[in-house]
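A.B. asks: Here you go, sequence then predicted model.
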Amino acid sequence: MQRLTALFLSLAGLFAPAMANAAAVVIWPVDPVLRPGETATAIWLENKGDAPVTLQVRTFGWSQPAGEDRLDAQDRLVASPPIATVAPGARQLVRLIRRAPAGPAAPPVESAYRLIVDELPPPPAPAVDGAVQARLQVQMRYSIPLFAYAAAPAAPALGAQVTTGPAGRMLTIHNDGTTHARLTDLRLIGTGGRETMLRAGLVGYVLAGATIVIPLGDHQGGVVRVGVNGTDTVLGGQA
């Protein structure tokens, strides 16, 4: 099972002795899903550090107008509890509950959300001998995708094109399908079958009906090869 780990740092400020307190937070799964007919799923928040940590979970609708990620307030998916303090070595279950849509309109096959998990700052340190205890609090933010389905999802339908414009060479990927595409290990296959790795690991997501544009820099055009939801796939391109 995949887990997401990050480090919370509390750094001393101008008037306090130099210090750093760390609390490692582990979140899993990092790819929660609500399948057809399910009304709830869950994530776990685990504190691997040596100090309590307070976490806030918020849920946003996720779209990609003009190829840019956009998060909007919504009430179709809610987190319970929305805020929790997790003791050192403990874990907290957070339920993600799907509410029935308002009105008669049926939801689309896939609804995309982002879970934003924020580490909230601890209370300010009390003054010592009247001195102000100034601290710079550096919190971590975790962004986790969640997809909810009203029917069995189909595969995404992707197309790609390499073009040249005022901003240089660009790769445009469009998803004509009704479900998202998770892209990994983006490569270009040029003349003679030579393969060039453009971005290793997670490249990003193309939501249903959305288009993203990726700068290619000095790389020449070619056929696009990319992992799509875990399956290596060749897309169209332009030499």
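C.D. replies: Received, thanks.
A.B. asks: Now Arg182: closest residue in space that isn't a chain neighbour?
C.D. replies: Asn229 (5.2 Å; Cβ to Cβ, 6 or more residues apart in numbering). Every residue, glycine included, has its C-beta placed from N, CA and C.
A.B. asks: Let me know whether the one you found touches Pro153 as I believe.
C.D. replies: No: Asn229 is beyond contact range of Pro153, at 9.8 Å (criterion: Cβ atoms under 8 Å).
A.B. asks: Please point out which parts of the helix or strand containing Ile116 sit buried.
C.D. replies: Assessed by DSSP states H and E, Ile116 sits inside strand 110-120. Buried residues in strand 110-120, counted by 16 or more other Cβ atoms under 10 Å: Glu110, Ser111, Ala112, Tyr113, Arg114, Leu115, Ile116, Val117, Glu119.
A.B. asks: With only the CA atoms kept, save it in PDB.
C.D. replies: Output of strand 110-120 as PDB, limited to C-alpha atoms (Å, rounded to 0.1, in the frame of the first residue of the first chain):
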ATOM      1  CA  GLU A 110     -16.200  10.500 -12.800                       C
ATOM      2  CA  SER A 111     -16.000  13.300 -10.300                       C
ATOM      3  CA  ALA A 112     -12.500  14.600  -9.400                       C
ATOM      4  CA  TYR A 113     -11.600  16.000  -6.000                       C
ATOM      5  CA  ARG A 114      -8.400  17.100  -4.200                       C
ATOM      6  CA  LEU A 115      -7.900  16.500  -0.500                       C
ATOM      7  CA  ILE A 116      -5.800  19.200   1.100                       C
ATOM      8  CA  VAL A 117      -4.300  18.100   4.400                       C
ATOM      9  CA  ASP A 118      -2.600  21.000   6.300                       C
ATOM     10  CA  GLU A 119      -0.500  20.700   9.400                       C
ATOM     11  CA  LEU A 120      -1.800  23.500  11.700                       C
END
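A.B. asks: Which secondary structure elements does it sit against?
C.D. replies: On a contact count with 3 or more Cβ pairs under 8 Å, 6 or more residues apart in numbering; DSSP states H and E, strand 110-120 meets strand 20-28, strand 53-63, strand 77-80, strand 141-149.
A.B. asks: Could I get those in JSON lines, plus columns for distance to Leu198, mean pLDDT and mean neighbour count?
C.D. replies: Converted to JSON lines, the helices and strands packed on strand 110-120 look like this (distance: least, Cβ to Cβ, whole Å; pLDDT from 0 to 100; neighbours: other Cβ atoms under 10 Å):
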{"stretch": "strand 20-28", "distance to Leu198": "29", "mean pLDDT": "71", "mean neighbour count": "16"}
{"stretch": "strand 53-63", "distance to Leu198": "24", "mean pLDDT": "97", "mean neighbour count": "19"}
{"stretch": "strand 77-80", "distance to Leu198": "33", "mean pLDDT": "98", "mean neighbour count": "17"}
{"stretch": "strand 141-149", "distance to Leu198": "22", "mean pLDDT": "96", "mean neighbour count": "18"}
